[in-house]
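Visitor: need a structure here:
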Amino acid sequence: MKLIKAYVASFGGLKDFKYDFTDGINTMKQDNGFGKTMFATFIKCMFYGITKTGNGIDKSERKKYKPWNSTEKFGGYLVFEHSGKVFRVERFFGSKSSEDTFDLYDEVTGKYKIPI
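Guide: Modelled structure (predicted):
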């Protein structure tokens, strides 16, 4: 699998953030507090969803990465290549898991792939 690009509409402190991946190893050199770990968590959440191991903010990704100053859903999309095909996964998270959305598209044809 190869990551191509990411768009973070809103996730923790990241808002309207775009990143284009290049071939090979990608590095992100930014100051502490920029959101590097937040971006890595965003990528994981795009594929696997948000995990919850407890109720505290330190144990709930939903509570930790939900923007503090907004009641809107948070998330974005990730474009990736797998087995020669290019896909776009879009995922947005609400205040609870029943409000989450997940969509997968064939990026070339634009066709909707998997409903959940």
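
Visitor: Please make it C-alpha for all contacts and neighbour counts, starting now.
Guide: Noted.

Visitor: Span of stretch 60-79 from start to end?
Guide: 26 Å (Cα to Cα, to the nearest Å).

Visitor: Can you mark which positions in it are buried?
Guide: 61-63, 65-67, 73-79 (16 or more other Cα atoms under 10 Å).

Visitor: Widest-spaced pair of the residues you listed?
Guide: Lys63 and Val79 (25.3 Å; Cα to Cα).

Visitor: of the buried residues of stretch 60-79, closest to Phe34?
Guide: Tyr65 (13.9 Å).

Visitor: Would you confirm that that closest one contacts Phe11?
Guide: Yes. Contact criterion Cα atoms under 8 Å: Tyr65 and Phe11 qualify, at 5.5 Å.

Visitor: what sits in contact with each of the two?
Guide: The overlap between the contact sets of Tyr65 and Phe11 (Cα atoms under 8 Å, 6 or more residues apart in numbering) consists of Met38.

Visitor: Contacts made by the host helix or strand of Lys5 with the rest, please.
Guide: Taking DSSP states H and E as the criterion, Lys5 maps to strand 2-11. Applying Cα under 8 Å, 6+ apart, the external contacts of strand 2-11 come out as 14-22, 38, 42, 65-67, 74-82.

Visitor: Residue ranges in this protein under the pLDDT threshold?
Guide: 53-59, 69-71, 114-116 (pLDDT under 70).

Visitor: which helix of it spans the most residues?
Guide: Using DSSP state H to define each element, the chain has its longest helix at helix 36-48.

Visitor: Run the chain-centre distance for that helix.
Guide: Distance of helix 36-48 from its chain centroid, counting by Cα atoms, centre = their mean, to the nearest Å, is 5 Å.

Visitor: For the next helix or strand after it, enumerate the helices and strands it packs against.
Guide: Counting by DSSP H and E, the next helix or strand C-terminal to helix 36-48 is helix 61-65. Applying 3 or more Cα pairs under 8 Å, 6 or more residues apart in numbering; DSSP states H and E, we find helix 61-65 packed against no helix or strand.
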